[in-house]
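Asks: 3D model of this:
(4 chains)
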There are 4 protein chains.
Amino acid sequence: MANTEFGYVRSFEQWDALPPSNWIVVRIDGRGFTKLCKKYDFAKPNDTRAIALMNSAAEQVVRSFVDVVLAYGQSDEYSFIFAENTALFDRRNSKLATSVATLFTAEYCLQWKDFFPGTELERPFPTFDGRCVCYPKQAILRDYLSWRQADCHINNLYNTVFWTLVLKGGRTTTEAEHELKGSLAADKNEILFKQFGINYNNEDEIWRKGTVIYRAYDDHQQQDGTTSKKADPTSKNQLEKEKKRKQKAKIMVEHTDIIKDTFWNERPYILASKR
Amino acid sequence: MANTEFGYVRSFEQWDALPPSNWIVVRIDGRGFTKLCKKYDFAKPNDTRAIALMNSAAEQVVRSFVDVVLAYGQSDEYSFIFAENTALFDRRNSKLATSVATLFTAEYCLQWKDFFPGTELERPFPTFDGRCVCYPKQAILRDYLSWRQADCHINNLYNTVFWTLVLKGGRTTTEAEHELKGSLAADKNEILFKQFGINYNNEDEIWRKGTVIYRAYDDHQQQDGTTSKKADPTSKNQLEKEKKRKQKAKIMVEHTDIIKDTFWNERPYILASKR
Amino acid sequence: MANTEFGYVRSFEQWDALPPSNWIVVRIDGRGFTKLCKKYDFAKPNDTRAIALMNSAAEQVVRSFVDVVLAYGQSDEYSFIFAENTALFDRRNSKLATSVATLFTAEYCLQWKDFFPGTELERPFPTFDGRCVCYPKQAILRDYLSWRQADCHINNLYNTVFWTLVLKGGRTTTEAEHELKGSLAADKNEILFKQFGINYNNEDEIWRKGTVIYRAYDDHQQQDGTTSKKADPTSKNQLEKEKKRKQKAKIMVEHTDIIKDTFWNERPYILASKR
Amino acid sequence: MANTEFGYVRSFEQWDALPPSNWIVVRIDGRGFTKLCKKYDFAKPNDTRAIALMNSAAEQVVRSFVDVVLAYGQSDEYSFIFAENTALFDRRNSKLATSVATLFTAEYCLQWKDFFPGTELERPFPTFDGRCVCYPKQAILRDYLSWRQADCHINNLYNTVFWTLVLKGGRTTTEAEHELKGSLAADKNEILFKQFGINYNNEDEIWRKGTVIYRAYDDHQQQDGTTSKKADPTSKNQLEKEKKRKQKAKIMVEHTDIIKDTFWNERPYILASKR
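Replies: Here you go, the predicted model:
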């Protein structure tokens, strides 16, 4: 058969399974979003419709991939955390990265009209690149999430002051940039407060903290999880039960601190280890 | 600064650049398209609107990534061939796979309404997984493309007979399946011809050959390419010129044989090696 | 300069650093040792000189690479465990595997004359292949070591019965093989005891347990370790101190159980996590 | 069985096969050879015994791995080129690198006494690290080899002038270093000629060109190779024949230019492509 002669080309595909017992983070980033923001005239420093669209797309991704235990997003990026021992796509790097990134893109593009009614998308259409990163320990995964939330804080404080200087303070963008060069967080807070009467801590949490989406289980559901541990966790029946349990979980969307321990102590099931 | 403490988590990202001097194939595949075909009632064995949408999305991908020298598609899959020495995204595996797959997905989803007017997309939305494969030699890359086109032929012949037996021959799908078990290409051709008066070779080439999309250069443009070789190919000016040359290339969409030499002999520039 | 023209070939080297925060196991295996055993007439089922040579070579490897926290060996294999956060060779896979495997080989070849006096080594000389494997959790690393020690037990029990049947029981090797087919551990123990009056548990621990080599620290040294944690662990001074501490550690060679918790509970410093 | 419970740890091993249709270079480098040179008082700028030992060890490696088509060495490094489509060890990176590096090390250590009679090796024993690099095209592989030979030339010219200035010219090493800073090849040649009457081109080729080792086939043997192409190259019988052909090849050791085309044009079989 014609195909047999050419089939050897498959041997060039590299097997790219990620190592077991690691949380897999798939982080997606908007491609060329600086231009996109300008084109569709996103509000500065933050656009409510744009962030709502990001969060709505992310929620659908979480809903669709039941092995995502938590997602964290800010600006034009989102990180989806897959369970430490997920067997999705045999943990293959490319399958995970492209499946998550294309679903996010599909949701973003098709929900656009709900968040920007009357504004038709034009080429280049919004797209997102993605990558997988493995984190071997709970503490390090939390540091990863802290890194993203700290980044959100730093960027948002800067953007808030910068655009306040421009929009309310009458500076040119160059002047504002110059004024903020080398300034510390305390300096920025002071500018906001002294010059504009703005207390940064009163700004909306969605901008200061970003967005956390996670599967929440009530006590009864968790108990199910515990029960199922005693049973053979790899039996087909058990896997099916486990999948249903995840599908029934409530998807929570919150704007809250995930750097401190409180969030995690109250929801120990999110990063709980299961074989 | 808060971020310094957590920044070490970046060290967990693996550098995934693909080796130089290899053609990079990004192949994307529809996820769950068997269900999607049923849901939107795609015609059997082939749906004209669906394939036109695939091809239109692919054309935009080729147009957008100027380093794609050729793309080949059939059914719900497409292979995009990047130039042997493309420097796009520093040849990083994840960036290439996700950027191509998300652009294809965005185009597919947003063009849907043009090809399926009146049929709104519903969840789960169409998405595509993707992967990069490196091919070190021109002859092997051609074998890769031959493999896909031979696959197109084999599947389409089977599907054509199968659905003819069902739709015109009154068989149940089980009967048709049983009837074709173990049959050779010659057998299938005979069933079509003797029982239904169909000459498979008269079937539309879009189904028998799939679709080839490539950047075409006329003599003048090629000469430009040749000229620019003499100049320093890495100078900024030269790179800019080269990019413009690619952008000016005509995008051809054809349904033709790419297994035999003819296609390639007539378009030597497609797989020509450049540093 | 001539070299500039060719220097681009370096870009084909792939960066192969192993992920941080994983114990790195370098396991080496004798190449073609079945033939080597016959050639040099190793005693059956176990040869005292051969295992003493393996252990002596391994001890030198442990001594030489101060980041090895423990090594485990049996038969013609040895596993060297590098500290969870070792920075040796920037954690590069190839450097680690080849440096350990070549040092082990050099020691084996050059110490041969001490263990096999009067028997000159002939080609093919003894060599060892090697590979790195990453283990992200302490519990999994312990399972790895349990896997190797369980393997030692299974093989040694089999070999002990097999060669007792042949050497003391007058069976041919084929008869012995046939007799043991499908037998359980209990069956093998019974054959040894009933037919030959041998209590397997009285066999030497070096054969039943294999060999564990590790860096041992007394209380004072551990305290140093603890103290140094408070200081900046990346300062040059501190790194130098830490290296000296490791060099001063006593190298222990034991034949003991490492599957149960006792060994580890008594030596918590072996797998202790340090940044 | 005890082992079943722990066997899952194997899933942490990563599959590391190198891509097909690429020449695989295994380059080994002496570890800590600067110290070793001093310890054993190697002659400056070049030590005849040391290079003879390197070459003798390399020859045995070439002899042992019949898929090595050519090896090139200089100073304390050697590159072994495996045939473009070698199936040795399923092309696994770690197996190739460690098997070559440990064989080289064993040969170096055990042949030492033949080249340095009366000088016993002491710890740290000589060892070599190693790595695999893939080259997809003949021309690029040749550039790799040219890179190494150009490096040999550059270093040897420098070392020759440097040590002539010190040993015959009475300079301190610091003075010689200072004198050569920024000098071009022409300058160095002139120093040698004008100050010491030495024509660099008359220096021994072993130092100026390094050492090339390759399997040579006479016409009859090549014809065998050609003939066997027509037969099924994967049949066991044919593979056996091919292996014998390689074993019968003559191993040539030469000090000659491999940058220009002459060497290669006269021995087209060395880099000839075979499936």
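Asks: On the three-state scheme, A:I198 is what?
Replies: Counting by DSSP: H, G, I helix; E, B strand; the rest coil, the backbone at A:I198 sits in coil.
Asks: Can you tell me the SS state at the residue nearest to it when sequence neighbours are not counted?
Replies: With CB to CB, 6 or more residues apart in numbering or on different chains as the criterion, A:I198 has its nearest non-adjacent residue at 4.3 Å, and that residue is A:L192. To be clear about C-beta, it is placed using only N, CA and C from the backbone, and glycine gets the same treatment. Of the three states, A:L192 takes helix according to three-state DSSP.
Asks: so A:L192 touches A:Y200, yeah?
Replies: Yes - using CB atoms under 8 Å, A:L192 makes contact with A:Y200 at a distance of 5.4 Å.
Asks: what sits in contact with each of these two?
Replies: Common contacts of A:L192 and A:Y200, defined by CB atoms under 8 Å, 6 or more residues apart in numbering or on different chains, comprise A:T160.
Asks: Show me where chain A has its helices.
Replies: Along chain A, counting by DSSP state H, helices occupy A:2-6, A:33-39, A:48-64, A:93-115, A:138-167, A:173-180, A:185-190, A:196, A:205-208, A:219-230, A:236-248, A:262-266.
Asks: which one of those helices has the most crowded surroundings?
Replies: The highest mean neighbour count among the helices of chain A, using mean count of other CB atoms under 10 Å in any protein chain shown, belongs to helix A:93-115: a mean of 25.
Asks: and that one, anywhere near chain B?
Replies: Yes - judged by CB under 8 Å from any CB of the partner chain, helix A:93-115 and chain B are in contact via A:93-95, A:97-99, A:101-107, A:109-110.
Asks: Point me to the residue of chain A nearest chain C.
Replies: Relative to chain C, the nearest point of chain A is A:P136 (3.3 Å; CB to the nearest CB).
Asks: my guess is that residue meets C:Q138, correct?
Replies: No - the criterion here is CB under 8 Å, and A:P136 misses it with C:Q138 at 10.9 Å.
Asks: For A:T127, grab phi and psi.
Replies: A:T127 has phi and psi values of phi -140, psi 170 when expressed as degrees, to the nearest 10.
Asks: Quick check: closest non-adjacent residue to it.
Replies: Spatial nearest neighbour of A:T127, chain neighbours left out: B:T102 (4.0 Å); criterion: CB to CB, 6+ apart.
Asks: Next, the contact list for the one you found, please.
Replies: B:T102 touches A:R31, A:T98, A:A101, A:T102, A:F104, A:T105, A:T127, A:F128, A:D129, A:G130, counting by CB under 8 Å, 6+ apart.
Asks: now swap in A:D90 and tell me
Replies: The neighbourhood of A:D90, defined by CB under 8 Å, 6+ apart, consists of A:A17.
Asks: And for A:Y8?
Replies: When contacts are counted by CB under 8 Å, 6+ apart, A:Y8 touches B:D143, D:P20.
Asks: and it, what pLDDT?
Replies: pLDDT recorded at A:Y8 is 96.
Asks: go on, A:I81?
Replies: pLDDT at A:I81 comes out at 98.
Asks: and the gap between the residue lying closest to it once chain neighbours are set aside and chain B?
Replies: Nearest residue to A:I81, sequence neighbours excluded (CB to CB, 6+ apart): A:L70, at 4.8 Å. As for A:L70, its distance to chain B is 16 Å (criterion: CB to the nearest CB, to the nearest Å).
Asks: likewise A:A216?
Replies: Taking CB to the nearest CB, one finds A:A216 at 22 Å from chain B.
Asks: Do I have it right that that residue meets A:E266?
Replies: No - counting by CB under 8 Å, A:A216 sits too far from A:E266 to count as a contact (10.3 Å).
Asks: In space, what's closest to A:W147 - neighbours in sequence excluded?
Replies: With CB to CB, 6+ apart as the criterion, A:W147 has its nearest non-adjacent residue at 3.6 Å, and that residue is B:F6.
Asks: burial count for the closest residue to A:N159 other than its chain neighbours?
Replies: The shortest distance from A:N159 to any non-neighbouring residue, by CB to CB, 6+ apart, is to A:P45 (3.7 Å). A:P45: 19 surrounding residues under other CB atoms under 10 Å in any protein chain shown.
Asks: Please apply the same query to A:G197.
Replies: With other CB under 10 Å as criterion, A:G197 counts 7.
Asks: Quick check: residues of chain A near chain C?
Replies: A:P19, A:S21, A:N22, A:C134, A:P136, A:K137, A:I140.
Asks: Sort out for me which of those residues are in strands.
Replies: In this view, the residues of chain A next to chain C that belong to strands under DSSP state E are A:C134.
Asks: if we can go back for a sec, next one, pLDDT for the residue nearest to A:T127 please.
Replies: If you check B:T102, the pLDDT there is 98.
Asks: repeat for A:V69
Replies: In this prediction, A:V69 carries a pLDDT score of 98.
Asks: contacting residues for it?
Replies: Going by CB under 8 Å, 6+ apart, A:V69 touches A:I81, A:F82, A:A83, A:Y214, A:R215, A:I270, A:L271.
Asks: Tell me the spacing between it and D:E266.
Replies: The gap separating A:V69 from D:E266 is 64 Å, by CB to CB, to the nearest Å.
Asks: can you list the residues of chain A near chain D?
Replies: By CB under 8 Å from any CB, the residues of chain A that approach chain D are A:Y8, A:S11, A:F12, A:Q14, A:W15, A:P19, A:P20, A:S21.
Asks: Also near chain B: which of the residues of chain A next to chain C, exactly?
Replies: A:C134, A:I140.
Asks: Now pLDDT and distance to A:A150 too, for the residues of chain A next to chain C, in a markdown table please.
Replies: Below are these laid out as a markdown table (pLDDT from 0 to 100; distance: CB to CB, whole Å):
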| residue | pLDDT | distance to A:A150 |
| --- | --- | --- |
| A:P19 | 98 | 27 |
| A:S21 | 98 | 27 |
| A:N22 | 98 | 22 |
| A:C134 | 98 | 21 |
| A:P136 | 98 | 21 |
| A:K137 | 98 | 19 |
| A:I140 | 98 | 15 |
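Asks: Report the separation between the residue nearest the centre of chain A and C:D47.
Replies: Geometric centre of chain A, nearest residue: A:Y78, 2.5 Å, by CA atoms, centre = their mean. A:Y78 sits 60 Å away from C:D47, going by CB to CB.
Asks: and A:T119, what is it in contact with?
Replies: The neighbours of A:T119, taking CB under 8 Å, 6+ apart as the test, are A:Y40, A:W112.
Asks: on that earlier part again, pick the one among the residues of chain A next to chain D closest to chain B.
Replies: Ranked by distance to chain B (CB to the nearest CB), the residues of chain A next to chain D are led by A:F12 at 5.3 Å.
Asks: list the contacts for the residue nearest to A:I198?
Replies: Contact analysis of A:L192 by CB under 8 Å, 6+ apart lists A:T160, A:V161, A:T164, A:I198, A:N199, A:Y200.
Asks: and the stretch 51-200 of chain A, which residues reach chain B?
Replies: Residues of the stretch 51-200 of chain A found near chain B (CB under 8 Å from any CB) are A:60, A:64, A:93-95, A:97-99, A:101-107, A:109-110, A:121, A:123-135, A:140, A:143-144, A:146-147, A:150-151, A:153-154.
Asks: Any idea how many residues pack against the closest residue in space to A:D204 that isn't next to it in sequence?
Replies: Spatial nearest neighbour of A:D204, excluding adjacent residues (CB to CB, 6+ apart): A:H255 at 7.7 Å. If you count neighbours by other CB under 10 Å, A:H255 ends up with 16.
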